[in-house]
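Participant: A structural model of the following input is requested.
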Amino acid sequence: MVASLLGPHSTQLPKMVQAPPVIPATSSPTSITEVASGETADIVQAAAEQSFTELGLGSYTPVGLIQNLLEFMHVNIGLPWWGAIAACTVLARCLVFPVIVKGQREAAKIHNHLPEIQKFSTRIREAKLAGDHAEFYRASSEMTFYQKKHDIKLLRPLILPLTQAPIFISFFISLREMANLPVPSLQTGGLWWFQDLTVSDPTYVLPLVVTATMWGVLELGAETGVQSSDLRWMRNVMRLMPLAVLPITVHFPTAVFMYWLSSNVFSLVQVGCLRIPAARTVLKIPQRVVHDPSKLPPQEGFLKSFKKGWKNAEITHQLQQRESRMQNHLELAARGPLRQTFTHNPLLQHGRNPPPSTPNSSNKKSNSKQPWRDTLG
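Facilitator: This is a model prediction of the structure:
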């Protein structure tokens, strides 16, 4: 039937053309980030980043050294950026821990001798206001002898703030430079709701948490060892300080808040450990003595204390002006002729000499042989 349809000359069917073999499709090579997972992906991503030297960061300055340490923590050790910042913060705080212990010792020593120190201070202040130089120098020398006897130096607790300030400023500048550049991986190196460490926290949660922990550090005296209950006016200032700086700090990059929060948490843990009696004994920190309130001068309110201090400053200024005038009179008397301070010279007999005249009279010539007449009459 097929042959009849094709015609008489088509006695054989043409050969079928064989189709080329179908090659099964293979999947595209898996990318590196798909193969690597977990810590391996972080290490590969860190290796692909540009170094801080290429980005213009890192040097041998304090700011550059902190940036180099952060890069080492992130690239070589493999920590995420938030972990690298926290680890560097803890490392820096551990390095200054001996200074903190020294400050705690001095603060406890000053607190234990506070009644005697305040008595000396009261004597010195009252003698200064009264103009009693003998009592002023006597009280000052007694206070100096008392401090040397008990090895008390009132300026030693200031060593800790002077040590902490350069560290905080160096961390702040280094993290701000990294955020402003920005370092590319820093934009995904955050945690929870703050994944981007180069921008400020849009929810304002992190600034509020940092402010709360900062208030706790200042209230407990975690850094200086001086509790806020020692001075009422200082306590009020400390309570207002975190709220006063909040409008400024709220726009800081999240990386800065990560350092700040880690430092505050470390301080709170530190003050909890230093309040343990066994730890204070090992670190040779004296126990704080509970003083009898009757032996201490009464504490005044902030406003009353401010008014009293202002009045004392005015009195002190007036006394200084009076002493300056007296010193000027003495210098003039030593250099120039004596000034007449009376209307009659008792050394001269009555009626033999004309009435005395002032030395500034223009119609009288000075007698060079008897110059005392110009001043003594």
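Participant: the helix ranked longest in the chain packs against which elements?
Facilitator: Across the chain, the longest stretch assigned as helix under DSSP state H is helix 302-335. In terms of contacts (3 or more C-beta pairs under 8 Å, 6 or more residues apart in numbering; DSSP states H and E), helix 302-335 is packed against helix 114-130, helix 232-249. Quick note: C-beta positions are derived from backbone N, CA and C, even for glycine.
Participant: how about the ones you listed in a markdown table, adding mean neighbour count?
Facilitator: What follows is the helices and strands packed on helix 302-335, written out as a markdown table (neighbours: other C-beta atoms under 10 Å):
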| stretch | mean neighbour count |
| --- | --- |
| helix 114-130 | 15 |
| helix 232-249 | 14 |
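Participant: what's the angle between the longest helix of the chain and helix 114-130?
Facilitator: On the basis of axes from the mean of the first three to the mean of the last three C-alpha atoms, to 10 degrees, helix 302-335 is oriented at 50 degrees to helix 114-130.
Participant: so, low pLDDT: which residues of the stretch 151-300 of the chain?
Facilitator: Where the stretch 151-300 of the chain drops to pLDDT under 70, the residues are 160, 221-238, 293-300.
Participant: in it, mark out all the helices, start to finish.
Facilitator: Applying DSSP state H, counting those that start in this stretch to the stretch 151-300 of the chain gives helices spanning 159-180, 205-220, 232-249, 254-274, 277-282.
Participant: out of the ones you listed, nearest to residue 107?
Facilitator: Nearest to residue 107, of all those, is helix 159-180, at 9.2 Å by C-beta to C-beta.
Participant: name the helices or strands packed onto that closest one?
Facilitator: Going by 3+ C-beta pairs under 8 Å, 6+ apart, helix 159-180 lies up against helix 62-71, helix 81-95, helix 97-112, helix 254-274.
Participant: try 6 Å
Facilitator: Helices and strands touching helix 159-180, by 3 or more C-beta pairs under 6 Å, 6 or more residues apart in numbering; DSSP states H and E, are helix 62-71, helix 97-112, helix 254-274.
Participant: what's in contact with that helix?
Facilitator: 62-63, 66-67, 92, 96, 99, 103, 186, 198, 224, 253, 255-256, 259 (C-beta atoms under 6 Å, 6 or more residues apart in numbering).
Participant: could you do stretch 282-291 as well?
Facilitator: 101, 104, 105, 108, 111, 112, 115.
Participant: what's the burial count for the second one?
Facilitator: The local packing count at residue 104 equals 26, with neighbours defined by other C-beta atoms under 10 Å.
Participant: could you find the closest non-adjacent residue to residue 112?
Facilitator: residue 289 (4.6 Å; C-beta to C-beta, 6 or more residues apart in numbering).
Participant: quick one, domains of this structure?
Facilitator: 52-97+157-282, 114-149 (automatic domain parsing).
Participant: start and end of the last one, how far apart?
Facilitator: One end of domain 114-149 sits 15 Å from the other (C-alpha to C-alpha, to the nearest Å).
Participant: likewise the longest one?
Facilitator: Using C-alpha to C-alpha, the span of domain 52-97+157-282 from its first residue to its last is 42 Å.
Participant: one more: stretch 181-193?
Facilitator: End-to-end distance (C-alpha to C-alpha), stretch 181-193: 22 Å.
Participant: identify each buried residue in that stretch, please.
Facilitator: For stretch 181-193, burial by neighbour count (16 or more other C-beta atoms under 10 Å) applies to 182, 183, 185, 186, 189, 190.
Participant: repeat that for stretch 247-266.
Facilitator: 249-250, 252-266.
Participant: now do stretch 52-71
Facilitator: Buried, per 16+ other C-beta under 10 Å, within stretch 52-71: 52, 55, 57, 58, 63, 64, 66, 67, 68, 69, 70, 71.
Participant: need the residues that contact that stretch.
Facilitator: 84, 88, 170, 171, 173, 174.
Participant: give me that answer again for 8 Å
Facilitator: 51, 81, 84-85, 88, 91, 166, 170-171, 173-174, 177-178, 181, 183 (C-beta atoms under 8 Å, 6 or more residues apart in numbering).
Participant: closest one of those to residue 219?
Facilitator: Using C-beta to C-beta, the contacts of stretch 52-71 come closest to residue 219 at residue 171, 23.2 Å.
Participant: if I look at that closest one, how far off is residue 193?
Facilitator: According to C-beta to C-beta, to the nearest Å, residue 171 and residue 193 sit 23 Å apart.
Participant: can you check the pLDDT for residue 86?
Facilitator: pLDDT, residue 86: 91.
Participant: also residue 109?
Facilitator: pLDDT, residue 109: 85.
Participant: and if you look at the one 4 residues further on?
Facilitator: What the model reports as pLDDT for residue 113 is 85.
Participant: also the one 4 residues further on?
Facilitator: Looking at residue 117, its pLDDT reads 85.
Participant: is it in contact with residue 143, as I believe?
Facilitator: Yes. With contact defined as C-beta atoms under 8 Å, residue 117 reaches residue 143; the gap is 7.3 Å.
Participant: my read: residue 107 touches residue 154, true?
Facilitator: No. Applying C-beta under 8 Å as the test, residue 107 and residue 154 come out as separate, 10.5 Å apart.
Participant: so for those two, which sits in the more crowded spot?
Facilitator: residue 107 (22 against 10).
Participant: what separation is there between the more buried one and residue 195?
Facilitator: 41 Å.
Participant: give the contact list for residue 196.
Facilitator: Residue 196 neighbours (C-beta under 8 Å, 6+ apart): 186, 187, 188, 190, 254.
Participant: redo that, cut-off 6 Å
Facilitator: Residue 196 neighbours (C-beta under 6 Å, 6+ apart): 187, 190.
Participant: I'd like the helices and strands packed on helix 159-180 laid out as a markdown table, including distance to residue 332.
Facilitator: What follows is the helices and strands packed on helix 159-180, written out as a markdown table (distance: least, C-beta to C-beta, whole Å):
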| stretch | distance to residue 332 |
| --- | --- |
| helix 62-71 | 55 |
| helix 97-112 | 46 |
| helix 254-274 | 59 |
